[in-house]
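>>> Please find the sequence and the predicted model below.
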Amino acid sequence: MQVVVLKKDDTIIKIKNVVIGGNEVSVIAGPCSVESEEQIMIIAELVNKSGVKILRGGAFKPRSSPYSFQGLGEEGLRLLRKAADEFGLLVITEVLENSMIDLVYKYTDIFQVGARNMQNYSLLKELGSAKKPVMLKRGLSATVEDWLMSAEYILSNGNSEVFLCERGIRTFETYTRNTFDISAIPVVHKRSHLPVFADPSVATGLRDKVIPMARAAVAAGADGLMVEVHHDPEKALSDGPQALLPHQFEEMMQQIRLIASVIGRTM
């Protein structure tokens, strides 16, 4: 059995012209949800101009309320793929259950497993047989050990292209959406060979806190960031308050490039 904590060499994932892990800091950016063709095209062009190579966007959205926007389904996947192809980007999107794997596989370059599914072991085992990389987000109340063992379910079933994403954990603090466990980044690097990203958008839930936490994550050694961006967040159908405005996103990219260079990394 492959063991996360004992593999000697760090995992580096190469997808077309994108490298995840190693010396390069990658950025995944886009809206929380795909809402329309116009929306996803505008945002894809924006993030592409800032140097991003991976476009995010939800087509199936697990929401706390059953009355909230749940995504456009396969039409959302189709629009996400169209926008990514238009601007030469890779796609990452969430898969919610086993029955969706084949459908999402047709449109995505990277499977995303969200926090609510981190311990959906049946799904993780199936993704172990998939021939595409998987990004595994940390569960809402998961320890680092829980998180790494969930990654093992994918790895031990044959898929070695796994990377992690710290997105905050649930604590007694209510000012921010979650508590961003920045210490998890160096802890994972010490315990594991897997690349680890950070999602300061979901971690904080507050637009004005995203850039400071993005800077901190890169300084702490994150191999990449996942960030939400929207050209009109006041009208966003999901998570508008945590989405960066275009000018804020450009500012963030400039700042993290500087931090990456200071610690000897590239973007």
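Yep, it's here.

>>> avg pLDDT for the host helix or strand of residue 28?
Taking DSSP states H and E as the definition, residue 28 sits inside strand 26-30. Strand 26-30 shows a mean pLDDT of 98 in the predicted model.

>>> ditto for stretch 56-68
On average, stretch 56-68 scores 79.

>>> same check, this time on stretch 260-267
Here the average pLDDT along stretch 260-267 is 95.

>>> Now the element after the strand holding residue 28, going C-ward?
helix 37-49.

>>> Now do that following helix: everything it contacts.
29-31, 34, 55, 57, 79-80, 82-84, 86-89, 229-232, 246, 249 (C-beta atoms under 8 Å, 6 or more residues apart in numbering). (C-beta placed from N, C-alpha, C; glycine too.)

>>> outside of the strand holding residue 28, which residues touch it?
By C-beta under 8 Å, 6+ apart, the list of residues contacting strand 26-30 reads 18-20, 40, 43-44, 47, 50-57, 92, 197, 223-229, 249, 253, 256, 267.

>>> Only whichever of the residues you listed are buried, select them in ChimeraX.
In ChimeraX, a selection of the buried entries from the contacts of strand 26-30 looks like this (16 or more other C-beta atoms under 10 Å):
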select :18,19,20,40,43,44,47,50,52,53,54,55,56,57,92,197,223,224,225,226,227,228,229,249,253,256,267
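
>>> Against which helices or strands is the longest helix belonging to the chain packed?
Longest helix of the chain, by residue count under DSSP state H: helix 246-262. In terms of contacts (3 or more C-beta pairs under 8 Å, 6 or more residues apart in numbering; DSSP states H and E), helix 246-262 is packed against strand 26-30, helix 37-49, helix 207-219, strand 224-228.

>>> The same query, at a cut-off of 7 Å, please.
Using 3 or more C-beta pairs under 7 Å, 6 or more residues apart in numbering; DSSP states H and E as the contact test, the elements touching helix 246-262 are helix 207-219.

>>> what inclination does the helix it packs on have with respect to strand 224-228?
Interaxial angle, helix 207-219 versus strand 224-228 (axes from the mean of the first three to the mean of the last three C-alpha atoms, to 10 degrees): 170 degrees.

>>> Any buried residues in helix 207-219, and which?
Buried residues in helix 207-219, counted by 16+ other C-beta under 10 Å: 207, 209-211, 213-218.

>>> tell me the average confidence for that helix?
98.

>>> what's the offset of that helix from the middle of its chain?
15 Å (C-alpha atoms, centre = their mean, to the nearest Å).

>>> Would you verify that residue 186 is located in a strand?
No. Counting by DSSP: H, G, I helix; E, B strand; the rest coil, residue 186 is not part of a strand but helix.

>>> The protein: strands as residue ranges?
Taking DSSP state E as the test, the strands found in the chain are 13-15, 18-20, 26-30, 54-56, 90-94, 110-113, 134-137, 162-166, 196-198, 224-228.

>>> partners of the fourth one in the sheet?
The strands beside strand 54-56 in its sheet (DSSP bridges) come out as strand 26-30 (parallel), strand 90-94 (parallel).

>>> quick one, what contacts the residue nearest in space to the middle of the chain?
Central residue of the chain (C-alpha atoms, centre = their mean): residue 226, 4.5 Å from the mean position. Residues counted as contacts of residue 226 (C-beta atoms under 7 Å, 6 or more residues apart in numbering) are 28, 56, 165, 197, 199.

>>> The first one: how many residues sit nearby?
Taking other C-beta atoms under 10 Å as the neighbour definition, residue 28 ends up with a count of 27.

>>> So it versus residue 264, what's the distance?
As for residue 28, its distance to residue 264 is 22 Å (criterion: C-beta to C-beta, to the nearest Å).
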